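Colleague: here is a sequence with its predicted model. Questions after.
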Amino acid sequence: MRKKKFQKNLESSKASSAPHELLATHCYEGEGLAALLKRLEREVESAKLSKGTLPEKIWIKQQFSIGVNDITRVLERMASAEVESSAQESTAVRSGRKAPLVPLQAVLLASDCNPRWLTKHLPGLASSRGVPLIFVKDKKGGSLRLGELVKLKTAIAIGVKAKGSGINKAIEEVLRDKESSRAVEL
């Protein structure tokens with residue numbers, strides 16, 4: 001009796017994880033991942049040339065939100081920023097408080113994260129804010145490949161800030177290509 005109950009609970013937990021698996025089927029790996037990262041690296045390099053006198057680390061922090069904690073913080077603030085009016089935001093900037101929030105355009109998420117619970121909340125949080133997720137899967141490790149993009153050893157998650165740069169245009173094209181390929185599959 002107990003064994004049957006355990007198997008039934010196991011089957012129901014597998015069914016509840018199906019939406020996450022559905023999202024994971026639309027990830028980049030292999031040649032598609034290499035092309036995506038090469039495209040983003042080209043845009044980062046060309047944007048760096050026009051950055052001016054900013055140090056590289058500061059410039060990268062202006063373009064990307066790096067790490068699970070930082071991305072979670074930005075996504076949570078995106079909801080509160082929608083509630084505030086623009087007049088309140090401009091008053092906050094003049095009074096010397098934090099600069100206005102730059103929303104995320106997309107989140108690149110390494111699917112090889114271990115333990116899995118570190119990033120388990122990100123798909124739901126991002127979808128509630130309307131921010132698309134791009135899963136990165138690689139034999140060497142998606143977190144290693146993402147880290148190379150922002151000049152770090154590893155990065156489990158990288159959020160691309162919507163700032164109107166060439167990086168944003170490349171991400172927009174990737175998302176458009178992803179949506180058109182998903183429509184063909186259906």
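Modeller: Alright, I've got the coordinates.
Colleague: okay, now the unreliable bits of the protein?
Modeller: 1-26, 51-52, 80-100, 180-186 (pLDDT under 70).
Colleague: for it, longest strand please?
Modeller: Ranked by residue count, the top strand of the chain under DSSP state E comes out as strand 104-110.
Colleague: packing partners for that one?
Modeller: With contacts defined as 3 or more C-beta pairs under 8 Å, 6 or more residues apart in numbering; DSSP states H and E, the packing partners of strand 104-110 are helix 68-83, helix 122-129, strand 133-136, helix 142-149, strand 157-161, helix 166-185. No exception for glycine: its C-beta is placed from N, CA and C like everyone else's.
Colleague: what does the last one rub up against?
Modeller: Residues from elsewhere that reach helix 166-185 (C-beta atoms under 8 Å, 6 or more residues apart in numbering): 26, 36, 39-40, 42-44, 46-47, 63, 105-106, 132, 134, 160, 162.
Colleague: what angle do it and strand 104-110 make?
Modeller: 70 degrees (axes from the mean of the first three to the mean of the last three C-alpha atoms, to 10 degrees).
Colleague: buried set for helix 166-185?
Modeller: Within helix 166-185, the residues scored as buried using 16 or more other C-beta atoms under 10 Å are I167, N168, A170, I171, V174, K178.
Colleague: what sits against the closest residue to V102 other than its chain neighbours?
Modeller: Distance criterion C-beta to C-beta, 6 or more residues apart in numbering; nearest residue to V102, sequence neighbours excluded, is K161 at 4.5 Å. With contact set as C-beta under 8 Å, 6+ apart, K161 has these partners: Q62, Q63, F64, S65, V102, P103, L104, Q105.
Colleague: show me what K161 is bridged to.
Modeller: In this structure, K161 bridges to L104 when assessed by DSSP bridges.
Colleague: distance of it from P123?
Modeller: With distances taken as C-beta to C-beta, to the nearest Å, K161 is found 19 Å from P123.
Colleague: circling back: show the buried residues in the contacts of K161.
Modeller: Buried among the contacts of K161 (16+ other C-beta under 10 Å): Q63, F64, S65, V102, P103, L104, Q105.
Colleague: ok, the residues you listed vs G141, which is closest?
Modeller: Closest approach to G141 among these (C-beta to C-beta): F64, at 18.8 Å.
Colleague: touching, that closest one and A162? I think so.
Modeller: No. Counting by C-beta atoms under 8 Å, F64 stays clear of A162, with 11.4 Å between them.
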